[in-house]
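Undergrad: Task: produce atomic coordinates for the following.
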Amino acid sequence: MTFEEAADALVAVGQAFHARGWAPATSGNYSARIDDGRIAITVSGAHKGRMTRGDIMLLDAGDPRRPSAETALHLAVYRAFPEVRSVLHSHAAISVGLGRASGDDWTIAGHELLKALPGIDTHDTSVAIPIVENSQDIAAIERAVMPRLGNSPAFMIRGHGMYGWGRSIAEAERVIEALEWLAEAELAERRFRA
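TA: Sure thing, here's the model as predicted:
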């Protein structure tokens, strides 16, 4: 994937996430590893629903703009999982609320849509999504979450949303879409049981 292809795809993700309420205002950040190994990432402060190719930059390319403040989290995922080609961060109200109301993990079990996650081919399983405390110290978030990932394709920052990744931008988008839907399904189940 070239930089231009990655930038266009990340812009489309931003528009789709914004339209669904998963990226209000300037929240969220997205990245992709391009064919030459460099990382394309959203610039800091870009409104995700109005992004253009100009709101995506290459890291270490002498660009004077600031990348996302959470760039280090993206880079940590790429280091931990060499096959990963995209990392996406959503700010949907449902996952922000779920993260605030949950403990150290969000365990999802028995849902058909778990099969949308990489490597899962049955509903008869469970997945634990780690939840870590929010901090302005991004290195502290990285230290807290990376040892807990295991095979999880995502993590949550309490009160701050969801990070998901995949072997392509499309797969990372599918991970986020599935998890945001599963968060809504869990809320619906809790309401019906109440």
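Undergrad: list the contacts for the spatially most central residue of the chain?
TA: In the chain, the C-alpha nearest the mean C-alpha coordinate belongs to Tyr163, at 2.6 Å (CA atoms, centre = their mean). Under the criterion of CB atoms under 8 Å, 6 or more residues apart in numbering, the neighbours of Tyr163 are 73, 77, 87-89, 154-157. In short, each C-beta sits where N, CA and C put it, glycine included.
Undergrad: The same query, at a cut-off of 7 Å, please.
TA: Residues near Tyr163 by CB atoms under 7 Å, 6 or more residues apart in numbering: 73, 87, 89, 154-155.
Undergrad: Ile169 now?
TA: Residues in contact with Ile169 (CB under 7 Å, 6+ apart) are 9-10, 13, 32, 86.
Undergrad: From Ala7, how far off is it?
TA: 11 Å (CB to CB, to the nearest Å).
Undergrad: tell me the pLDDT at the closest residue to Gly159 other than its chain neighbours?
TA: Distances taken as CB to CB, 6 or more residues apart in numbering put Arg100 closest to Gly159, at 4.9 Å, once the chain neighbours are dropped. At Arg100, the model reports a pLDDT of 95.
Undergrad: Among the contacts of Ile169, which are located in helices?
TA: 9-10, 13 (DSSP state H).
Undergrad: where does this protein have low pLDDT?
TA: Within the chain, no range satisfies pLDDT under 70.
Undergrad: hey, where'd the strands end up in the protein?
TA: Per DSSP state E, the chain carries strands over the ranges 29-33, 39-42, 56-58, 86-90, 105-109, 126-132, 154-157, 161-166.
Undergrad: For Ala69, which of these is the nearest?
TA: strand 29-33 (8.0 Å; CB to CB).
Undergrad: Not counting the closest one itself, show me its contacts.
TA: Here strand 29-33 makes contact (CB under 7 Å, 6+ apart) with 1, 6, 9-10, 13-14, 39-42, 68, 70, 74, 78, 85-89, 169.
Undergrad: Helices of this protein, start to end?
TA: Applying DSSP H to the chain gives helices spanning 3-19, 71-80, 93-101, 138-145, 169-193.
Undergrad: And the first one, what does it pack against?
TA: Packed against helix 3-19, as judged by 3 or more CB pairs under 7 Å, 6 or more residues apart in numbering; DSSP states H and E, are the following elements: strand 29-33, strand 39-42, strand 56-58, helix 169-193.
Undergrad: cool, the third one as well?
TA: If contacts are counted by 3+ CB pairs under 7 Å, 6+ apart, helix 93-101 sits against strand 154-157, strand 161-166, helix 169-193.
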